[in-house]
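> Build me a structure from this.
(2 chains)
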There are 2 protein chains.
Amino acid sequence: MSDRRTTDNVSNRIGTFYGIGVGPGDPELLTLKAYRLIRTLPRLYAPVSRPGAPSYARSIVAEYLDPGRPVVELPFAMRAAPEEMAAQWRANAEVIAEDLRHGRDVGFLTEGDPLLYSTFIHLASAMKEVCPEASVVAVPGVSSFQAVAAAIGIPLVDRDERLAILPASYEELDGGVRVREALERFDTVVLFKVASAIDRVIDLLEELGRTDRAVLVTRCGRPDEQIVRDVRSLRGRKLDYFSLMIIRR
Amino acid sequence: MSDRRTTDNVSNRIGTFYGIGVGPGDPELLTLKAYRLIRTLPRLYAPVSRPGAPSYARSIVAEYLDPGRPVVELPFAMRAAPEEMAAQWRANAEVIAEDLRHGRDVGFLTEGDPLLYSTFIHLASAMKEVCPEASVVAVPGVSSFQAVAAAIGIPLVDRDERLAILPASYEELDGGVRVREALERFDTVVLFKVASAIDRVIDLLEELGRTDRAVLVTRCGRPDEQIVRDVRSLRGRKLDYFSLMIIRR
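As a prediction, the model looks like this:
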């Protein structure tokens, strides 16, 4: 890569922006491609919820990182107003674009898969405005729901079955209709972002008689992984953001 | 591992049965864990549709295989009668159980993720009957729908969006109601096993005015990958079994 950048005719080459899915938590569930990019890209970025906060994506790959090449942290406040979030995506895209304009290939670390509820989606879309000439490449990763199914030993879907994946945290918007619909019509339901809606989700599961088929998993594959099969015990509890619920028919 | 097996006190240890997701097609999208197991397990099995037919899962990892340690092929006829299929899963589980009873750890290669529409689900369930004392471990893999989203450059789901994953091939059973429902209610719909139902799916997409948002991908990440954005052109065509359609709202 550095060889190419030192030759004159590619000195104004624009770098490639990689959204690297680092998988659900177990460092061994990284793909070979993500591993190669993390070991070789000249610059890596990782999201944090505020300056100085730990990065979950970075912690997953910590053992693979070259200590001499620090990961640059980019703050993404997740509960800001929409305009503020758009401004922050643009500002972060601008930081990365500076590298790309210098011909540097850049990786953005993101937990799970970069195209499933990931900050990368917004960053890639901001990059199209900020630096439309950059190539943007998503490197797929194992998503947390896949690791959770493996950890608790259930199939996700088989034969003619249907799988619904949705966030629980927007349920106040529609009185829980969407989670209810998914539970009534689909064989397996995966609820992302369940932490902030846990009491409403438990109410609904109890009403539908489905609490016994629900399992909550937090930080699947990390040393502090938690698997909770009695989801009723979660009522009123403050849960980690990286919590996910699977409900099998 | 061989060290352990030569000591007396573990000579009647039962092996572990690993369902190894080898990812969607690109050999670099294997996980580090799958790679390690493929390189070190004393025995690997792969499914074939009939004796002598090529194994898709095996072809994905061909470059990582040790030529001195052949992959044992197990026939799974996919269009047999239910009782015949159950007998075949049991017979194949019995073959693998022989290894497990000799203390050998065994890997079963499966494309994509082992818990998403995979032969492994049936094999693991047959193993519980045939050799209930064996440990069964699923090693998650990147699924084809994730690679397809990355290849065609679309997000799968973001913010409050919902994703539905279902097979199209059972649509004759219910007059297409399930695919229609998914298209009407979900932001992104992934149709597995679309090959045998392609004409009905195109009819439905045309009726709902959604053909322009549909993309079909065959053998994503393989040298013979095909991406078809004009899905109407597929009418009446015989498609590869490993074809998948994504429809974004």
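> Going along the chain, name the strands of chain A.
Assigned by DSSP state E, chain A shows strands spanning A:16-21, A:43-48, A:72-75, A:106-110, A:135-139, A:163-167, A:188-192, A:214-218, A:226-228, A:243-248.
> what mean pLDDT does the fourth one have?
Right, strand A:106-110. Averaged over strand A:106-110, pLDDT sits at 98.
> Now that strand - C-alpha only, PDB.
C-alpha atoms of strand A:106-110 as PDB (Å, rounded to 0.1, in the frame of the first residue of the first chain):
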ATOM      1  CA  VAL A 106      -9.300   3.600   6.500                       C
ATOM      2  CA  GLY A 107     -11.300   1.100   8.600                       C
ATOM      3  CA  PHE A 108     -14.200   1.900  10.900                       C
ATOM      4  CA  LEU A 109     -14.700  -0.800  13.500                       C
ATOM      5  CA  THR A 110     -18.300  -1.600  14.200                       C
END
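> how does chain A divide into domains?
As assigned by automatic domain parsing, chain A contains the domains A:2-139, A:144-248.
> gap between A:Thr218 and A:Ala168?
A:Thr218 sits 14 Å away from A:Ala168, taking CB to CB, to the nearest Å as the criterion. Where you see a C-beta, it was placed from the backbone N, CA and C, and this is true even at glycine.
> quick one: which of these two has more around it?
Neighbour count, other CB atoms under 10 Å in any protein chain shown: between A:Thr218 and A:Ala168, A:Ala168 has more, with 25 against 21.
> ok, longest helix in chain A?
If you go by DSSP state H, chain A has its longest helix at helix A:82-101.
> which residues are in contact with that helix?
A:14-17, A:42-43, A:45, A:72, A:74-77, A:80, A:106, A:108, A:122-123, A:125-127, A:129-131, A:134 (CB atoms under 8 Å, 6 or more residues apart in numbering or on different chains).
> go again using 7 Å as the cut-off
With contacts defined as CB atoms under 7 Å, 6 or more residues apart in numbering or on different chains, helix A:82-101 is touched by A:14-15, A:17, A:43, A:45, A:74, A:76-77, A:80, A:106, A:122-123, A:126-127, A:130-131, A:134.
> Quick one: residues contacting A:Leu204.
By CB under 7 Å, 6+ apart, the contact list for A:Leu204 reads A:Gly176, A:Val179, A:Arg180.
> Need the nearest residue in space to the last one, chain neighbours excluded.
This points to A:Arg180. A:Leu204 (6.0 Å; CB to CB, 6 or more residues apart in numbering or on different chains).
> I'd like the distance between that neighbour and chain B.
16 Å (CB to the nearest CB, to the nearest Å).
> Next: A:Ile20.
Distance from A:Ile20 to chain B, by CB to the nearest CB: 11 Å.
> So that residue sits against A:Glu111, correct?
No: at 10.3 Å, A:Ile20 does not count as touching A:Glu111 under the criterion of CB atoms under 7 Å.
> count of residues packed around A:Ile198?
Under the neighbour criterion other CB under 10 Å, A:Ile198 is assigned a count of 22.
> Any residues of chain A in contact with chain B? List them.
When proximity is defined as CB under 7 Å from any CB of the partner chain, chain A approaches chain B at A:28-33, A:35, A:113, A:115-117, A:121, A:138, A:140-142, A:146-147, A:149-150, A:155-158, A:160, A:162-167, A:170, A:178, A:181, A:185.
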